[in-house]
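Chemist: Here is a sequence with its predicted model. Questions after.
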Amino acid sequence: MIRFGYSAQVYVDANTGEVIIANRGTQNLANVKTDVGVALGQVANAQPIADEFAKRALVVAKRVLSDAGVKMTALYTTGHSLGGAEAEGQAQMFSVQKGPEAIPVDVHITNFSIDAPGIGERAHKGDQSRYTSYNLSARGDVVHKAGGDQLEGTVQVALPIGPRIAQTEGMMIAGAATAVELPFVGLPMLAYGADQALEAHRSTLILDQVRGTALGDTKVMELGTSGSEILAAFKTKSARVEPVTAQIQPNTNAANDAHAATTGDDHYDIWGLGEKGNIDPAALKVDANVIYAEKWLDANGYQSKARLQYRNG
């Protein structure tokens, strides 16, 4: 755990029989090294440690529940960012685990990740009949796009909160491209985009916004498997809770129905440029930078280049 910076906790509810394995996200340099591997689509080098912790945690949880005379009813894996990827890996592992370290056959696994990157090839090696998986992110988060595929069947939902994708990924791409010829313009754009990306990636951003909605009052196992259902619950205040029907078998089509929040309402400014190829003041969001950029362009007779075309690869 020290070598790879892994940290986690297990919670056991001796009244309900529920077990929660919670994995910590990135917090130190060892985690950053693991993050690089995840970004390249490799299984995190801390994943074997996360799996081993989960197995030992389950042994302890079973003992606690046995001593309390309570049957195990549910297993949850959870985490933010890197911890969310490790949680998906644990859910995959338990879904196919055999022998004494396996969970009871009548216990369903529910993974609930926040801003988690993918888990590479391991994403397709689980038994979908044994688990349901969710990954919630802010609309401007870019981390959940790294690491390859999410655990197969994961309901991926971009909640309409926090900075827009144009302010994070779009601004960083635009800044990097502009900095080649206009460093005094591009570098502030790049810095602004990176700052907004960090804001979008905060775990508390989602937790704070979900509190007080029906989504915050709904048990994870009752969320269903549709991104649109989750968004509907997010928009409904807790005074008007509308429960959804649990579906144990994940519906992959429903799970993929979305990245449900729209991000293309300001499509042209994803590059930090206006419709005619000019620097877009609305994208920069910093008046001083906008004024300086426009003066610099005018003084140097800069001619706008053809607008870059965004294409979803």
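Modeler: Cool, got the structure.
Chemist: Output the lowest mean pLDDT helix or strand found in this protein.
Modeler: The helix or strand of the chain with the lowest confidence, counting by mean pLDDT, DSSP states H and E, is helix 252-255 at a mean of 39.
Chemist: Contact partners for L75?
Modeler: L75 makes contact with 18-19, 21, 58, 94, 103, 107-110, according to CB atoms under 8 Å, 6 or more residues apart in numbering. All C-beta spots, glycine's among them, are computed from the backbone N, C-alpha and C.
Chemist: now do Q97
Modeler: When contacts are counted by CB under 8 Å, 6+ apart, Q97 touches 55, 103.
Chemist: ok, and the closest non-adjacent residue to E199?
Modeler: Ranked by CB to CB, 6 or more residues apart in numbering and with sequence neighbours excluded, the top spatial neighbour of E199 is P163, at 5.7 Å.
Chemist: Contacts made by the helix ranked longest in the chain with the rest, please.
Modeler: The single longest helix within the chain, with elements called by DSSP state H, is helix 47-68. Contact partners of helix 47-68, identified using CB under 8 Å, 6+ apart, comprise 1, 4, 6, 8, 10, 12, 14, 17, 19, 21, 23, 44, 71-72, 75, 77, 85-86, 89-90, 93-94, 97, 101, 103, 119, 122.
Chemist: which stretches of this protein have low pLDDT?
Modeler: Applying pLDDT under 70 to the chain flags the ranges 1-4, 26-45, 238-313.
Chemist: and it, what are its domains?
Modeler: The chain is divided into the following domains under automatic domain parsing: 1-160+229-236+245-264, 164-210+266-313.
Chemist: A146 and V10: what is the separation?
Modeler: 27 Å (CB to CB, to the nearest Å).
Chemist: Likewise for I49?
Modeler: I49 sits 14 Å away from V10 when distances are taken as CB to CB.
Chemist: Where does D127 fall, secondary structure wise?
Modeler: Here D127 is covered by no helix or strand, with elements defined by DSSP states H and E.
Chemist: Next, the contact list for G148, please.
Modeler: By CB under 8 Å, 6+ apart, the residues touching G148 are 41, 118-121, 123.
Chemist: List only buried entries from these.
Modeler: Among those, those classed as buried by 16 or more other CB atoms under 10 Å are 41, 118-120, 123.
Chemist: Filter those residues down to the ones in strands?
Modeler: Judged by DSSP state E, strands contain none of the buried ones among the contacts of G148.
Chemist: Make CSV out of the residues you listed and add distance to Y192.
Modeler: CSV is the format used below for those (distance: CB to CB, whole Å):
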residue, distance to Y192
G41, 28
G118, 27
I119, 31
G120, 31
A123, 33
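Chemist: any idea which of those is closest to T225?
Modeler: Ranked by distance to T225 (CB to CB), the buried ones among the contacts of G148 are led by A123 at 16.6 Å.
Chemist: Not counting sequence-adjacent ones, nearest residue to that closest one?
Modeler: Distances taken as CB to CB, 6+ apart put D149 closest to A123, at 3.9 Å, once the chain neighbours are dropped.
Chemist: Tell me if I'm right that that neighbour and G120 touch.
Modeler: Yes: between D149 and G120 there is a contact under CB atoms under 8 Å: 7.2 Å.
Chemist: in terms of contact, does A74 touch G17 like I think?
Modeler: Yes: assessed by CB under 8 Å, A74 is found in contact with G17 at 7.1 Å.
Chemist: which residues of this protein fall in strands?
Modeler: Taking DSSP E as the criterion, the chain contains strands spanning 8-12, 18-23, 74-80, 108-114, 131-138, 155-159.
Chemist: of the ones you listed, which approaches G227 most closely?
Modeler: Closest of the strands of the chain to G227 is strand 155-159, at 4.5 Å (criterion: CB to CB).
Chemist: The closest one: partners in the sheet, and parallel or antiparallel?
Modeler: strand 131-138 (parallel) (DSSP bridges).
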